[in-house]
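> got a predicted structure plus its sequence, pasted below:
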Amino acid sequence: QVQLVESGGGLVQAGGSLRLSCTASGNIFRTDTMGWYRQAPGNQRELVAATTNGGRTNYAESVKGRFTISRDNAKNTVSLQMNRLKHEDTADYYCKYSGYSSATDRQYDYWGQGTQVTVSA
């Protein structure tokens, strides 16, 4: 099992910034990916940004140039710096940890509880 503790989020005006952080603990895999997803009311959960412990990153097109994901492998922590926030960034943001086991050739996914981000227009 992997436990995820999220922090950050809140209410901000459009154009402002917020920072989300997520720390994983427990059965940390040698090969893993940590990232942030978001879900707005009535919408499906979507990828915002993710990073592997090897340093590869992936961003949604809608956040490129505004959001930056970073990771501290020693602390198993991933952060998402969100700048120039827009009203349409309003959503519940979820941290996701995905670990790959070579023994079982399977990926194991864990989700945080979610943190709310509200951007006022």
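Cool, the structure landed. All values derive from a computational prediction rather than experimental measurement.
> shouldn't Tyr59 be in contact with Leu80?
No. Using C-beta atoms under 8 Å as the test, Tyr59 is too far from Leu80 to be in contact (10.2 Å). For every residue, glycine as well, the C-beta is placed using N, CA and C.
> quick check: neighbours shared by the two?
Val48, Ala49, Phe67, Ile69 (C-beta atoms under 8 Å, 6 or more residues apart in numbering).
> so how far is Ser25 from the first one?
Okay, so that is Val48. According to C-beta to C-beta, to the nearest Å, Val48 stands 22 Å off from Ser25.
> would you turn the shared contacts of Tyr59 and Leu80 into CSV with secondary structure and neighbour count?
Listed next are the shared contacts of Tyr59 and Leu80 as CSV, based on DSSP: H, G, I helix; E, B strand; the rest coil; neighbours: other C-beta atoms under 10 Å:
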residue, secondary structure, neighbour count
Val48, strand, 24
Ala49, strand, 23
Phe67, strand, 22
Ile69, strand, 21
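> disregarding flanking residues, what is the spatial nearest neighbour of the residue sitting nearest the centre point of the chain?
For the chain, Trp36 is the residue whose C-alpha lies nearest the centre (C-alpha atoms, centre = their mean; 1.8 Å). Computed as C-beta to C-beta, 6 or more residues apart in numbering, the closest residue to Trp36 that is not its neighbour in sequence is Val48, at 4.4 Å.
> now do the one you found, the pLDDT please.
Listed pLDDT for Val48 reads 98.
> can I assume it is in contact with Glu61?
No. If you go by C-beta under 8 Å, Val48 and Glu61 don't touch, sitting 10.8 Å apart.
> longest strand in the protein, by residue count?
Determined from DSSP state E, the single longest strand within the chain is strand 91-101.
> report the buried residues of the following helix or strand past it.
Where DSSP states H and E defines the elements, the next helix or strand beyond strand 91-101 is strand 106-111. In terms of neighbour count (16 or more other C-beta atoms under 10 Å), strand 106-111 has its buried residues at Tyr110.
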